[in-house]
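**Q** Requesting a structural model of the entry that follows:
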Amino acid sequence: MLNKAREKTEEVIDILWCHRSNTEDKVKPRTYREDGRKSFLSIVLKKRVSKKKRREVINRQLHCVRRNLASIDELKKYADLTLLKPSLYRELLVIGTLYQQQQYMYDNKVTSVDDRIVSIHQPHIRPIVRGKAGAHTEFGAKISISVVDGWTFTDTISFDSYNEGTELISQIEKYKERFGYYPESTHADKSTETKKIEHIVKAWDKISGPSLGSLPKMK
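**A** Have a look, this model is predicted:
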């Protein structure tokens, strides 16, 4: 992510420099792009990288992005940011937030932060840990739907991870709003039947599923 941010900010600097109004200034802001690229390749081409080496490279990339953002702030005094394509301008705004997040994680030695950006092109995407074989982490929207007589109703769309088990009560209420009555029965798996939901729904004897707690021991 930081390497991509570095390359994008270098592209912005090139465009603003070519269209600057103070042409008497002949010294282009330094980007050290070759050093930044070599630093990035020094870990991505290796199967195993020590934590010390990884932090060293991250620090180097952070330094490059920070310097490039400062150069852009100076260049925009003499070249309007409207010269950038809308997509590149949007990515520049995302990079500002990305840098702050990555710097915070580096300084505090953590690997996550709220609303962590994992794609400059799609900043709304969030990683969702699923633990599946071959795909430990998935990216994309998480959706809760209801299917009634072949018709599909979308109840929730979120790019943030959430426990779908908490949607049961709200989906039952939405069912009543659509059709004017509650469903004849409700079926849920173990991940959905929390004690709170089980108490509420079983009060009117319309939920079926495995009981909460550990499975009974085999005799």
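**Q** Walk me through the domains of the protein.
**A** With domains defined by the TED database, the chain comprises 1-108, 141-208.
**Q** which one of those is the most hemmed in?
**A** domain 1-108 (a mean of 15; mean count of other Cβ atoms under 10 Å). Every C-beta, even on glycine, is put in place using the N, C-alpha and C of the backbone.
**Q** And the helix or strand encompassing residue 6, what does it pack against?
**A** Using DSSP states H and E, residue 6 falls within helix 2-18. Identification of packing neighbours for helix 2-18 by 3 or more Cβ pairs under 8 Å, 6 or more residues apart in numbering; DSSP states H and E yields helix 33-44, helix 51-75, helix 86-108.
**Q** okay, that helix in CSV with CA atoms only?
**A** Coordinates of each C-alpha in helix 2-18 appear next as CSV, following Å, rounded to 0.1, in the frame of the first residue of the first chain:
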residue,chain,number,x,y,z
LEU,A,2,2.7,2.4,0.9
ASN,A,3,4.7,1.6,-2.3
LYS,A,4,1.6,2.3,-4.4
ALA,A,5,1.0,5.5,-2.5
ARG,A,6,4.6,6.5,-3.2
GLU,A,7,4.2,5.9,-6.9
LYS,A,8,0.9,7.8,-7.1
THR,A,9,2.4,10.8,-5.3
GLU,A,10,5.4,10.7,-7.6
GLU,A,11,2.9,10.8,-10.6
VAL,A,12,1.2,13.8,-9.1
ILE,A,13,4.5,15.6,-8.6
ASP,A,14,5.5,15.0,-12.3
ILE,A,15,2.2,16.5,-13.5
LEU,A,16,2.2,19.6,-11.2
TRP,A,17,5.9,20.2,-12.0
CYS,A,18,5.2,20.2,-15.8
